[in-house]
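Q: dropping a prediction and its sequence here:
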Amino acid sequence: MKKIFSVLAVSFLALFALAGCDDGGSDSDTIRVGVNYGTTGPYATYGTSSVEGTKLAVKEINKNGGINGKKIELVEMDNKSDTNEAVNIATKLTTEEDVVLTLGPEVSGNTKAAISVANKNKIPLISPSATDDKVTVNKDGSVTEYGYKMCFNDSYQGKALAQYAIAQGKTKAVIYGDSSSDYSKGLTKAFEEEFKKQNGTIVASENYVEGDTDFNAALTNIKGKDFDVLFIPGYYNEAGLIIKQARTQGINQMILGADGFDSPTLIELGGTENLKDVFFTTHFSIAEENKDIDNFIAAYKDEFGKEPDAFAALGYDLGYYMADSIERAGDDITPETVNKALSDTKAKFSGITGSFSMGKDHVPVKTIKIVELQAGEPVNVVNFDVK
Amino acid sequence: MSQFIQQLINGLSIGSVFALIALGYTMVYGIIKLINFAHGDIYMVGAFVGYFCITRLASGFFGLILALVIAMAACAILGVIIEKVAYKPLRNASRITALITAMGVSYFLQYTMVYFVGPSKRVMPAPFENTVFKIGGITFNLSTVIIIAVTIFLMLLLQYVVKRTKMGKAMRAVSADPDAARLMGINVNQTISFTFAIGSALAGAAGVLIGIHYNSIEPLMGTIPGLKAFIAAVFGGIGIIPGAMFGGISIGVIQTFAAGYISSLWQDAVVYALLIFILVVKPSGLLGKNVKEKV
C-alpha cells in the first residue's frame, strides 16, 4: 500500500514539474517583465500611477517596434501596499513567471523586502520611487547586487529641503514626523543634520503614527513655539490632515515636505484654501515647462483621462530606462546580462524626471525639483542643486 | 493659558466621540455581559453610510441631519441583525465563545467593507462650510461645536430613554436579572435587540460626525477608536451609562494632554497604562460599585 502511494506521489510530482517546464521562456518574441506594485491599500495612488506610467511607456515602445523586434510583456501583480504580500509577489514573479527583471514596489519598506528576494533569485529589480537610503544597501553595508532605484535617496531630499529652507532665510524649524515609518525617520535625520550644519536650530520635534487622524494636540504645542518653518516628513494621508488642522489652528508658517506629499489626495484632504506656502521636493511636476513633459502629459491624458503625477512620470521613465537597459544587455537577454547593463555607471539616460547615470551605489545621480503650492495649485518649480 | 484651553477643546472633541462609542459598549455589556468588539466597526459602517448620504442625497445642514438619521437607522438595523445572527445563538454559551465571535464579526465587517469600497482612504466632503472660530488665542471649527453639541443631545436623549420610558425600565430590569425580568413578563429578547439598536445607532452617529470632522474615512478606521472607547467604558465602569460618558471624555482629554504636555509619541502609551492602572486598583471602574458575587 505504501509503495503505491509513493509511486503515485512521484508521478504527480513529475507531472507538475513537466507542467512547470511548459511555459519556460520558449516564447522568444516577447520579453517578460514583472510588475510588483500596490495598486490598492494605503499607498494605492502611488502604485496605480506608477503602473500606468510604465504601461504607457511600454505601449509606446512596443508600437515603435519593441526592443530589436521583441515586444515587452508586463506581468502585473498587486501587492496591496503590504510588505508580506510584496515578498510573496516578488517570489512568485522571480520563480514562476520567467521574467528578466521586475519593477517596483513603490515604497521603501516593501522594496527593501522585495530586493532580498531579487538577490536570492538573481533577477534584477528596479524601484522607481523607493527613496530610503538603505534600499540598495545590504545588511553588511555592501551594495545590493540585483537591487536598483531610479530616484534619489531620502537623505538627499532631506538635505535639499534643509538647504532650501536656509536659502529662504528660515533658521528655526519644527519637525512633525511619522514615528512608524522608515521613510519619515530617514528624512528627519538628513534634514536635522544638514539644518544644524547650516546654523539652523530645530526648535521642537513631534511625532505621529500612521493612521492617526487627530493631530490637534501636537499642533497646539507647535503653535506655542517660536519657529519659521514646519517640516512634515510623511505621506499624503496624514500630511493632508496635518496641514488642514495646522492652518485651521492658525499656523501660517512655511510647510516643507518630501515626495510623499505628491498626490492629489493631499489637496483633497487638506483643502485648497489651506494649501498655501507648502513646498515639497519631487521628481516631476506638471507645472514645469518643458516640451518632453508636455508630450508625456498629453499622451497620459489621452490614455487614462487624467493628469499624471510624479509617480506616473517615474513609472514612465522607468519603462524607457528598463527598455534601454535591456537593449544594452545585447542579443542574449537574461537576468544576468540585464543586471550587467543596469550596473553600468557610464551609460547616460535622459527622461522627463531628469537626466542621470546610475551611481556605484545603485542610486542615480540626479537634480531635485522643489514645487511650491499656493491655493492648492503648483505655482512654481525650482530645479535645485544640492551642494 | 490659551494653550491649555485649546488642548481642552481638542480633548473634548475627541473625547465626546469616544463617549458616544463607549455608550454602545457599556449598554451591551450591561445587558448581556458581552464585550462587543464589532462595535468599532459599526461606527465605521455609520461613517460610510453618512458618506453616501452626503455625496449622493443632500448637502448643507439638512444633509448633515439626514446623514445622521439614515446612518443611525442603518446601524441600528445592522446591530440588531448582528445580535440575532451571531450572538443570540450563543447566549447560553461561555462568555469567551461570544467574545471570540464578536472579534469574528469585527473582521467580517471590516473586510466586507474593503471588498465593496476598497481599502483606500476616501475624502468625505463637508456638508456645510466649516467655519473657523477664533476667540482670543483659541481656534476651533464649526464641526467641533457640532460634535460636542450632537453628543450632548444624544446623551440626554439616551438618559431620558433609559430612565423615563417603559423600554428603559425593561432594559434596566433585564440588566439587573434577566430571569426575574422574564418572570415579570418582560420580553427579554426584544429588550436585548433594542439595546443593540440604540448602542449601534449612537456608534453610527459618531461615525458620521468623525467622518465630517476629519474629512477622511476608510474601512479600518473603527479599530483604534473602538479600542479607545472600550478603554473609556472600562475606565468609567463598564455597564454603567454615566461611566461611559465620563470615561470617554476623560480618555479624550487625558490623551490630548499627554500629547500636549508629555510627548506626542507617548499619548497612546499613557492611555493604555491608565487602563492597566484602573484594572489593578479599581477593577469595576471609576464610577463602578463593587458588586459581591452571589454564591
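A: Ah, there it is.
Q: which ones are touching residue A:307?
A: Residues in contact with residue A:307 (Cβ atoms under 8 Å, 6 or more residues apart in numbering or on different chains) are A:286, A:297, A:300-301. From N, CA and C alone the C-beta is placed, and that goes for glycine too.
Q: which ChimeraX command selects the buried ones in these?
A: Typed into ChimeraX, the line below selects the buried ones among the contacts of residue A:307, using 16 or more other Cβ atoms under 10 Å in any protein chain shown:
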select /A:286,297,300
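Q: in CSV: the contacts of residue A:307, plus distance to residue B:44.
A: Below are the contacts of residue A:307 laid out as CSV (distance: Cβ to Cβ, whole Å):
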residue, distance to residue B:44
A:286, 35
A:297, 38
A:300, 35
A:301, 35
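Q: so which of the contacts of residue A:307 are in strands?
A: Among the contacts of residue A:307, the subset assigned to strands under DSSP state E is empty.
Q: just send the contacts of residue A:307 back as TSV, with pLDDT too.
A: Shown next, in TSV, are these (pLDDT from 0 to 100):
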residue	pLDDT
A:286	82
A:297	94
A:300	95
A:301	95
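Q: from the contacts of residue A:307, which ones fall inside helices?
A: Among these, the members found in helices (DSSP state H) are A:297, A:300-301.
Q: quick one: low-confidence ranges for the chain?
A: Going with chain A. In the predicted model of chain A, residues A:1-28 satisfy pLDDT under 70.
Q: chain B is the one I meant
A: B:290-295.
Q: A strand includes residue A:379, no?
A: Yes - counting by DSSP: H, G, I helix; E, B strand; the rest coil, residue A:379 is part of a strand.
Q: what about it, neighbour count?
A: Residue A:379 has 11 neighbouring residues, counting by other Cβ atoms under 10 Å in any protein chain shown.
Q: what does the stretch 51-200 of chain A have sitting close to chain B?
A: Residues of the stretch 51-200 of chain A lying close to chain B (Cβ under 8 Å from any Cβ of the partner chain) are A:80, A:179.
Q: buried residues, the stretch of helix or strand residue B:159 belongs to. List them.
A: Following DSSP states H and E, one finds residue B:159 within helix B:142-164. For helix B:142-164, a neighbour-count test (16+ other Cβ under 10 Å) marks B:142-144, B:146-148, B:150-151, B:154-155, B:158, B:162 as buried.
Q: so what's residue A:228 closest to, chain neighbours aside?
A: Nearest non-adjacent residue to residue A:228, counting by Cβ to Cβ, 6 or more residues apart in numbering or on different chains: residue A:170, 4.7 Å away.
Q: likewise residue B:50?
A: residue B:208 is the one closest to residue B:50 (Cβ to Cβ, 6+ apart), at 3.4 Å.
Q: got the contact list for the one you found?
A: By Cβ under 8 Å, 6+ apart, residue B:208 lies in contact with B:46-47, B:49-50, B:64, B:67-68, B:71.
Q: residue in the stretch 151-300 of chain A with the shortest distance to chain B?
A: Minimum separation of the stretch 151-300 of chain A from chain B (Cβ to the nearest Cβ) falls at residue A:217, amounting to 3.5 Å.
Q: rewinding a little: just send the contacts of residue A:307 back as CSV, with distance to chain B too.
A: As requested, the contacts of residue A:307 are exported to CSV (distance: Cβ to the nearest Cβ, whole Å):
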residue, distance to chain B
A:286, 21
A:297, 24
A:300, 21
A:301, 22
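Q: what is the three-state secondary structure of the residue of chain B found nearest chain A?
A: Across chain B, the shortest distance to chain A (Cβ to the nearest Cβ) belongs to residue B:259, at 3.5 Å. With three-state DSSP as the basis, residue B:259 sits in helix.
Q: so which strand or helix has the residue lying closest to residue A:111 once chain neighbours are set aside?
A: Nearest in space to residue A:111, with sequence neighbours left out and distances taken as Cβ to Cβ, 6+ apart, is residue A:130 at 3.7 Å. Element membership for residue A:130 (DSSP H and E) is empty, with no helix or strand holding it.
Q: isn't residue A:85 right next to residue A:79, touching?
A: Yes - between residue A:85 and residue A:79 there is a contact at 4.3 Å, judged by Cβ atoms under 8 Å.
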